[in-house]
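S.K.: Output the structure for:
(one chain, ligands or ions: 1)
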Amino acid sequence: MVKRVVIIGGGAAGMQTALELKARGLEPSIIERDIELGGKVRGWHILFPTFTSAEEVLRPLVERVKSERIRCFLGQEVTAVASDGVMLRSGERVMADAVVVATGFTLFDAHRKQEYGYGLYNNVITSVDLERMMKSGRVTLSDGSEPRRIAILHCVGSRDEKVGQRHCSKVCCITGVKQAIELRRMCPEADVFNFYMDIRMFGPGYEELYREAQERYNVHFVRGRISEAAETINERIQIKAEDTLTGRPLRMTVDLLVLLVGMSPNYENRDIALSAGLPLAPNGFFKAKDSFLGAVMSEREGIFFAGAATAPKSLADTLAEASLTASAVDAYLKRRFNE
Ligand code: SF4
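M.R.: Numbering: from 1, shown residues only. This next block holds a predicted model:
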C-alpha cells in the first residue's frame, strides 16, 4: 500500500518536500492555513544573491504540485499533531504514516520596537513593505515623491534581548545589501545608508555582493545602531545613532527609514509542540533531534521537519533541506514497514 505523509505548511519547504516524496512513490498531502500555496516567498520581489525573480522560483513549484495532483487542504488550520496524522479545525482528521512540520517562521512585528515609530510615521517601513513596493515597480514616499536619502536598519527584532529575540536571523544582512542595490537602481539619485551591528555574509556569492554594493553602487555602510527615530514637520525622519567604529554620536535626517525585520518562530509552534510532544529550542523554533545527522528529525518517531521551522534559513537552504527531509521520511517508512 502507498504510504501517506502529511506536510503542515504549503510554503517553499512544504511544496518541495511534497514533490520529492511524490517522486519517491509516496503519497503526500499539504495542509496550508492560507488560501494559496507559496508562503512568505509570495511577497518577495527578487531573490539574493542572483536577483532572480521570486516568481520564477515559486511558479514552477506551485504548478508541479498541481500537475502531480498532490492533495492540498487550503485555508485549513491544524489543531493537533501526532505521528499518525493531524486534526484540522474543521474537525476532519487526516491520517498519515509520517508527518512533516514545515511551518516556516513569523516575521518580527516592527510595532514592538516603538522607538523607530513603525505604524506612527508614514515614511518608516519594513523590509517586507519595501519588497512589496519594489514588486509594484516604484519606491515612493507617502506623498508620492521619490526618496533622496534612505537608511536601512539591520537587526530589527533579532539579536535583541529587549524583545526576547537573541538569535541572528541569518538572511537579513544579505537582504539589506540586496535591497540597497535595488534602491540604487530604482532611485539612482538616492543615497543609501545601511546601519549594521555586524555584517554576516555566510552564503555563496554574498560577500561579493556586499563588495559590489560598495564599489559599484556606492552604498554606505555605517557600523552602529539607530537608537531612535522621530518625524520632522515635513514628514522626514530624523535618526539618532552611534557610529561604533569612531565612537561618535550621529544624527541624520532621511526621507525613508527601512527596518530589516528578522525571523521569529512561527506563532503556531507552541501549540503544535504541545499537542505532538515536541520540544522547542530556547529561541522558540523547533528543536531538531541533533544538529548533525538528525537535523530534519524530531525527537518523536514519525515526525520530521523541513525549512525554517527549526531555524532561520535562506530559500536556497530551505529547498535543499526539503530533499533531505524527503529522504529521511522515505528511509524511516521503509524501515518501519520492512520494505
Ligand atoms: S543576519 Fe545580519 S541583520 Fe540579520 S540578525 Fe544577523 S546580523 Fe542582524
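S.K.: Any residues of the stretch 51-200 of the chain in contact with the ligand? List them.
M.R.: Within the stretch 51-200 of the chain, the positions near the ligand by C-beta under 6 Å from any ligand atom are 154, 155, 158, 159, 168, 169, 170, 172, 173, 197, 198, 200. Heads up, the C-betas are built off the backbone N, CA and C, glycines and all.
S.K.: pLDDT score for the closest residue to residue 272 other than its chain neighbours?
M.R.: Among residues not flanking residue 272 along the chain, residue 81 sits closest, at 5.3 Å (C-beta to C-beta, 6 or more residues apart in numbering). We have a pLDDT of 97 for residue 81.
S.K.: Could you export whichever strand or helix holds residue 81 as CSV, CA atoms only?
M.R.: Element membership for residue 81 (DSSP states H and E) is strand 78-82. The C-alpha coordinates for strand 78-82 follow below in CSV (Å, rounded to 0.1, in the frame of the first residue of the first chain):
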residue,chain,number,x,y,z
VAL,A,78,-4.1,22.2,12.2
THR,A,79,-5.3,21.9,15.8
ALA,A,80,-3.5,18.7,16.8
VAL,A,81,-0.5,16.8,15.5
ALA,A,82,0.6,13.2,16.1
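S.K.: Name the next helix or strand downstream of it, please.
M.R.: Criterion used, DSSP H and E; the element after strand 78-82 is strand 85-88.
S.K.: who touches that next one?
M.R.: Strand 85-88 is contacted by residues 6, 8, 31, 73, 76-81, 93-96, 99 when judged by C-beta atoms under 8 Å, 6 or more residues apart in numbering.
S.K.: Residue 7 against residue 27, yeah?
M.R.: No - between residue 7 and residue 27 there is no contact under C-beta atoms under 8 Å: 11.2 Å.
S.K.: Quick check, pLDDT for residue 280.
M.R.: 97.
S.K.: pretty sure residue 109 contacts residue 163?
M.R.: No - using C-beta under 8 Å, residue 109 is not in contact with residue 163; the gap is 9.2 Å.
S.K.: Show me the common contact partners of those two, please.
M.R.: residue 157.
S.K.: Name the nearest residue to residue 281, sequence neighbours excluded.
M.R.: Among residues not flanking residue 281 along the chain, residue 287 sits closest, at 4.4 Å (C-beta to C-beta, 6+ apart).
S.K.: Contacts only, for the one you found.
M.R.: Per C-beta under 8 Å, 6+ apart, neighbours of residue 287: 278, 279, 280, 281, 298, 299, 310.
S.K.: Distance of it relative to the ligand?
M.R.: Distance, residue 287 to the ligand, using C-beta to the nearest ligand atom, to the nearest Å: 20 Å.
S.K.: Show the pLDDT at that residue.
M.R.: Looking at residue 287, its pLDDT is 97.
S.K.: Out of the contacts of residue 287, who's the most crowded?
M.R.: The most crowded member of the contacts of residue 287, judged by other C-beta atoms under 10 Å, is residue 298 (25 neighbours).
S.K.: Take the contacts of residue 287 and lay them out in CSV including secondary structure and distance to residue 337.
M.R.: As requested, the contacts of residue 287 are exported to CSV (DSSP: H, G, I helix; E, B strand; the rest coil; distance: C-beta to C-beta, whole Å):
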residue, secondary structure, distance to residue 337
278, coil, 23
279, coil, 27
280, strand, 30
281, coil, 31
298, coil, 20
299, coil, 22
310, coil, 26
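S.K.: what comes up buried for the strand holding residue 81?
M.R.: Neighbour counts over strand 78-82 (16 or more other C-beta atoms under 10 Å) mark 78, 81, 82 as buried.
S.K.: Adding distance to residue 218, write those out as a markdown table.
M.R.: Output for the buried residues of strand 78-82, formatted as a markdown table (distance: C-beta to C-beta, whole Å):
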| residue | distance to residue 218 |
| --- | --- |
| 78 | 48 |
| 81 | 50 |
| 82 | 55 |
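S.K.: what about stretch 222-234, start to end distance?
M.R.: Stretch 222-234 has its terminal residues 25 Å apart, counting by C-alpha to C-alpha, to the nearest Å.
S.K.: Appreciated, that's everything.
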